[in-house]
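task: produce atomic coordinates for the following.
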Amino acid sequence: MKKIVIMAAVLLVQACAFTDATLKVEHDEEANIIGPLSDTKGISFSPPQLEDARLDKARIGWKKNGFGTNTADITSEEPVDVIVENAIIDAIKDNGHLIEDDGRVRISGTVDRFWFDTDMNFATIEFIGDIQSTLEFVDAKTNTTIYKSTYSGNFKEKTAAGYVKTWTEVMGKTLDNLIEDVVFDEDLSEALEDYK
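Residues are numbered from 1 along each chain as shown. Below is the predicted model:
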């Protein structure tokens, strides 16, 4: 009986490995990540306009079988540029700034990487999230660049097993770390001093 249960579990896992998964990835709105960006409170930003610049736009990761072979797509419910845009909006508001259609500072840029991966070991699986985005902050009146930089968020979690819920949490924390990289950029804060 025990052998039958084990065989059934193995077959179920193998079957799941061939089914596409869609993750609802989003920034934790309750995280309230506050950094040096809050030192220049009251700046009016236009909603960010980002472009998905990834080479592989079809997925955000692969499902893999026990041999490490790619077997099915992992995708996101929303486009990755929209996911990052919404996270940036939350971060700007949390740090005491405004989001307005005619904001004084325009944010444009690209999502360069948005990827979920796994590293299978003998007894554990390491789940890895990696998000990178290049942001350009532009004076809306003069159309000149105020500041430009590439930001990244990474997160790893090692467990004995994990499925869609774990993958979603890993990518959510990766997104939070991307936002942390933005709001803790002291050079960005200094560049925005004149726009208070």
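
okay, and for this structure, where does confidence drop off?
Within the chain, the segments meeting pLDDT under 70 span 1-18, 66-68, 71, 122, 160-162.

the helices in it, which residues?
Assigned by DSSP state H, the chain shows helices spanning 2-16, 80-94, 164-183, 186-191.

buried sites along the last one?
When burial is assessed from 16 or more other CB atoms under 10 Å, helix 186-191 yields the following buried residues: 188-189, 191. The way it works is simple: take the backbone N, C-alpha and C, and place the C-beta from them, glycine included.

which strands and helices sit next to it?
strand 145-159 (3 or more CB pairs under 8 Å, 6 or more residues apart in numbering; DSSP states H and E).

ok now stretch 46-56, how far from the chain's centre?
Distance of stretch 46-56 from the chain centroid (CA atoms, centre = their mean, to the nearest Å) equals 12 Å.

what do you get for stretch 128-139?
The answer for stretch 128-139 is 9 Å, by CA atoms, centre = their mean.

do the same with stretch 148-160
8 Å.

picking up where we left off before, of all the helices of the chain, which one is nearest residue 149?
Within the helices of the chain, the stretch nearest residue 149 is helix 186-191; the backing value is 6.7 Å (CB to CB).

what residues are up against the residue sitting nearest the centre point of the chain?
For the chain, the residue nearest the mean C-alpha position is residue 175 (3.2 Å; CA atoms, centre = their mean). Shown in contact with residue 175 (CB atoms under 8 Å, 6 or more residues apart in numbering): 25-27, 83-84, 87, 129, 131, 153.
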